[in-house]
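quick one, fold the following:
(one chain, ligands or ions: 1)
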Amino acid sequence: MEPLGVIGAGWVGLVTAACFADLGHEVVVRDVVPERVADLEDGRVPIYEPGLAELLAANRERIRYTLDMADVFERARMAFICVDTPPTHSGDADLSRVWRVVEELPDVGERIVLIMKSTVPVGTGALVRERLDRAGLAHIGYVSNPEFLAEGSGLEDFRSPDRVVVGAFTDEDGDAVAALYGFTEAPILRSDVASAEMVKMASNAFLATRISFINEIANVCEVTGADVEAVARGVGLDHRLGPHFLRAGIGYGGSCFPKDTSALKQLAANSGYHFQLLTAVIEVNELQKRRVVGKLVKHLGSLRGKTVALLGLAFKPNTNDMREAPSLVLASRLMAEGASVRGWDPVALEEARAMLPSVEVTESLHDAIKGADAAVIVTEWKELQALLSPEARGLMRKPLLVDGRNLLDPAEARAAGFVYESIGRAAHDLDALPETEEPETQLRQ
Ligand code: UDX
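Model (predicted):
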């Protein structure tokens with residue numbers, strides 16, 4: 001089987017490396033961070049992704065880690081570029097890591113093919129092609145092969161993709177990359193490079209649009225008495241619309257949607273086009289996170305001196321990724337309102353402590369809610385079902401629960417003694433917020 005290179009040992013790179021190694025390919029993974037390479041060599045995986053550490057370990061004899069670009073091309077003639085492309089201050093994507101890869105390429109004197117997995121603005125492939133040609137490296141091929149993996153289900157998404165997109169400058173390079181995906185029955189879309197790049201950006205923008213759309217429907221449900229869960233089910237049953245990405249909540253976060261929507265908006269703006277719809281999608285998402293504050297104020301009045309527990313700090317369940325997590329905005333907003341903020345997450349404790357230094361990140365769910373005036377479900381971790389217990393209810397000073405992900409059943413939450421608010425579903429009566437007596441008072445009685 002074709003030996004492969006993977007450049008960038010981040011989440012995409014490691015999932016790609018593990019899965020291709022599992023298919024039988026020999027894989028050399030290159031990263032620029034010495035500690036990361038050392039960790040991986042010692043079997044420590046610096047990323048939380050279900051099944052990834054096990055898959056890397058199981059294929060240990062086929063995967064090698066290195067700091068040296070020359071090692072990548074010692075045997076491999078095809079290499080996936082999986083470096084990150086974070087947003088710059090202007091909202092454009094920062095391509096400096098991509099350029100560094102191009103600059104460091106060794107000339108092995110044979111045809112090699114670079115396969116771009118990182119999400120890059122449309123036109124990046126053309127720029128890379130131009131640079132390679134100018135540097136006398138016309139024999140280095142370039143193919144756009146965007147990834148559509150979602151965190152938390154990365155391995156499954158790799159093995160059973162909806163489609164594989166291969167955009168190439170030459171048929172020969174496109175054929176070689178398409179052949180790597182012989183393991184799947186999924187359709188392989190062959191296109192030019194710019195269109196492949198746009199498929200990725202448009203897909204993420206469309207998914208983000210669906211989320212902002214259902215969130216606005218949820219907001220209108222709240223003022224009209226409809227229930228967004230029932231509405232989303234009804235809408236999703238239309239085969240032209242489908243049921244996916246219609247979960248109302250406090251908005252999308254993560255390493256892709258915020259960055260990619262902003263990059264596409266900026267890409268259009270740079271060419272003089274104002275992408276009106278996408279601008280609204282982004283704004284709705286920003287406002288959605290802040291609506292939680294209004295729900296807390298509705299029941300608590302001023303938040304000055306109140307303690308609020310944020311539950312689920314990573315941007316979604318089954319990951320420790322805190323990038324663009326709604327918890328970050330929410331924590332800052334609540335502190336600006338004068339509240340003390342506690343936080344808990346089943347896996348992202350270390351990451352949360354680094355990113356939220358003013359938040360008291362606790363070791364357990366119970367420690368986070370003890371004596372709190374309100375708890376907010378920020379991420380739909382199933383562990384948070386444990387809130388529905390008399391014990392949890394009894395720990396809180398005020399039993400106010402704002403469910404930002406519609407995780408719990410409203411009737412069950414109310415039966416458990418909570419004043420329960422969620423997104424786009426019937427709100428709780430205003431006058432129903434009792435106060436739990438202080439433990440000392442309870443003891444004296
Ligand atoms: C996403 C895309 O799904 C993936 O194809 C792309 O390659 C990278 O971006 P990811 O960011 O890992 O993947 O997570 P995803 O599960 O898609 O969720 C993104 C965000 O949207 C999360 O914050 C999630 O909570 C939110 N979301 C998702 C909703 O609020 N409602 C939904 O219905 C779905």
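
which parts of this structure sit against the ligand?
Contact residues, the chain versus the ligand (CB under 6 Å from any ligand atom): 147-151, 204, 207, 211, 245-247, 249, 252-254, 256-257, 315-316. All C-beta atoms are positioned from the backbone trio N, CA, C, and that covers glycine.

per-residue pLDDT of the closest residue to the ligand within the stretch 1-150 of the chain, please?
Nearest residue of the stretch 1-150 of the chain to the ligand: residue 150, at 3.7 Å (CB to the nearest ligand atom). Residue 150 is assigned 93 on the pLDDT scale.

quick one: average confidence on stretch 309-328?
Mean per-residue pLDDT for stretch 309-328: 95.

likewise for stretch 197-216?
Across stretch 197-216, the average pLDDT comes to 98.

tell me the buried residues in it?
For stretch 197-216, burial by neighbour count (16 or more other CB atoms under 10 Å) applies to 197-201, 203-205, 207-216.

only C-alpha atoms, please: export that stretch in PDB.
Extracted C-alpha coordinates of stretch 197-216, given in PDB (Å, rounded to 0.1, in the frame of the first residue of the first chain):
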ATOM      1  CA  GLU A 197     -12.100  24.500  -1.800                       C
ATOM      2  CA  MET A 198     -15.600  26.200  -2.100                       C
ATOM      3  CA  VAL A 199     -17.500  22.900  -1.400                       C
ATOM      4  CA  LYS A 200     -15.900  22.900   2.100                       C
ATOM      5  CA  MET A 201     -16.500  26.600   2.800                       C
ATOM      6  CA  ALA A 202     -20.100  26.500   1.400                       C
ATOM      7  CA  SER A 203     -20.900  23.300   3.400                       C
ATOM      8  CA  ASN A 204     -19.800  24.800   6.700                       C
ATOM      9  CA  ALA A 205     -21.600  28.100   5.900                       C
ATOM     10  CA  PHE A 206     -24.800  26.200   5.100                       C
ATOM     11  CA  LEU A 207     -24.700  24.200   8.200                       C
ATOM     12  CA  ALA A 208     -24.100  27.300  10.300                       C
ATOM     13  CA  THR A 209     -27.000  28.900   8.500                       C
ATOM     14  CA  ARG A 210     -29.300  26.100   9.500                       C
ATOM     15  CA  ILE A 211     -28.200  26.500  13.100                       C
ATOM     16  CA  SER A 212     -28.800  30.300  13.100                       C
ATOM     17  CA  PHE A 213     -32.100  29.800  11.300                       C
ATOM     18  CA  ILE A 214     -33.500  27.300  13.900                       C
ATOM     19  CA  ASN A 215     -32.200  29.500  16.700                       C
ATOM     20  CA  GLU A 216     -34.100  32.500  15.300                       C
END
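
returning to that earlier point: filter the residues of the chain next to the ligand to the buried ones?
For the residues of the chain next to the ligand, a neighbour count by 16+ other CB under 10 Å gives the buried set as 147-149, 151, 204, 207, 211, 245-247, 249, 252-254, 256-257, 315-316.

in this protein, which residue is closest to the centre?
By CA atoms, centre = their mean, the chain has its centre lying nearest to residue 254, at 3.0 Å.

so that one sits in a helix?
No: looking at residue 254 with DSSP: H, G, I helix; E, B strand; the rest coil, it is coil, so not inside a helix.

number of nearby residues for the residue nearest to residue 26 when sequence neighbours are not counted?
Spatially, and ignoring its direct neighbours in sequence, residue 26 is nearest to residue 3 (4.3 Å; CB to CB, 6 or more residues apart in numbering). Residue 3: 18 surrounding residues under other CB atoms under 10 Å.
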